[in-house]
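Visitor: predicted coordinates and the sequence they were generated for:
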Amino acid sequence: GNSVTQMEGPVTLSEEAFLTINCTYTATGYPSLFWYVQYPGEGLQLLLKATKADDKGSNKGFEATYRKETTSFHLEKGSVQVSDSAVYFCALNPQSNYQLIWGAGTKLIIKP
Amino acid sequence: SAVISQKPSRDICQRGTSLTIQCQVDSQVTMMFWYRQQPGQSLTLIATANQGSEATYESGFVIDKFPISRPNLTFSTLTVSNMSPEDSSIYLCSVEQSNTGELFFGEGSRLTVL
């Protein structure tokens, strides 16, 4: 079946460090892939997405590349800020039927 | 992108009571989704609400416990009935708008049951 596996948190980094949050998936066909972010006390918002293999999604300095050969969609940022502290969710849409499959979420803590 | 408003944003309730959460969208959408996010957990889909038909519930969720209304294309309500402390969660309303599988979320309703 379809599933998403995320790096377990919390991930604690110092400001300006390089960030990688791993996400791998299992799916049939050609799913769309997403990263959502949930800042403290808020709902979720889309951070970036990729709809086909080799696509790179990017937003606010974050990037993720849809790698079909490794079934991965790792989230990266070159230099994190305290304001990036949040919970990050990887998700996939198997066949555009609106039923997203969610990862467990990774809490990111950035220390000044 | 859709703008979604949820009310209440938070509430503290007594065991055995019921609470209705409202979700208002600034544009017409076909499907609305209700999620539950238990403390420190990921999201779990409760049900899909389509206008003009009964909601479709996911495994583990039933209409008697979580009745849903969808009177028009911009509004939905979720009721959490006969609450217990295990119902303490964030309840999130979401919509899919662009036919890409991308979801837009309300800010959530944080429910604490004593």
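Guide: Done, it's in.
Visitor: near chain B, which residues of chain A?
Guide: Chain A comes close to chain B at residues A:32, A:34, A:36, A:42-46, A:49, A:51, A:89, A:93, A:96-100, A:102-105, as judged by CB under 8 Å from any CB of the partner chain. Yep, even glycine has a C-beta here, placed from its N, CA and C like the rest.
Visitor: give the buried subset of the residues you listed as a PyMOL selection command.
Guide: Burial among the residues of chain A next to chain B is assessed by 16 or more other CB atoms under 10 Å in any protein chain shown; the matching PyMOL selection reads:
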select buried, chain A and resi 32+34+36+43+44+46+49+51+89+93+98+100+102+103+104+105
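Visitor: any idea whether the residue in chain B positioned nearest to chain A is helix, strand or coil?
Guide: Distance from chain A to each residue of chain B (CB to the nearest CB) is smallest for B:Gly101, at 3.1 Å. What DSSP: H, G, I helix; E, B strand; the rest coil gives for B:Gly101 is coil.
Visitor: quick check: the residue of chain A nearest chain B.
Guide: Scanning chain A for the residue nearest chain B gives A:Asn93, at 3.1 Å (criterion: CB to the nearest CB).
Visitor: out of everything not next to it in sequence, what's closest to that residue?
Guide: B:Gly101 (3.1 Å; CB to CB, 6 or more residues apart in numbering or on different chains).
Visitor: right, and that neighbour touches A:Ser32 too?
Guide: Yes: contact status for B:Gly101 versus A:Ser32: in contact at 4.7 Å, counting by CB atoms under 8 Å.
Visitor: mind listing what A:Gln45 touches?
Guide: A:Tyr36, A:Val37, A:Gln38, B:Phe105 (CB atoms under 8 Å, 6 or more residues apart in numbering or on different chains).
Visitor: which of the residues you listed fall in strands?
Guide: Counting by DSSP state E, the contacts of A:Gln45 place A:Tyr36, A:Val37, A:Gln38, B:Phe105 in strands.
Visitor: now tabulate those residues in a markdown table and tack on distance to A:Thr20.
Guide: Putting the ones in strands among the contacts of A:Gln45 into a markdown table (distance: CB to CB, whole Å) gives the following:
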| residue | distance to A:Thr20 |
| --- | --- |
| A:Tyr36 | 17 |
| A:Val37 | 15 |
| A:Gln38 | 19 |
| B:Phe105 | 25 |
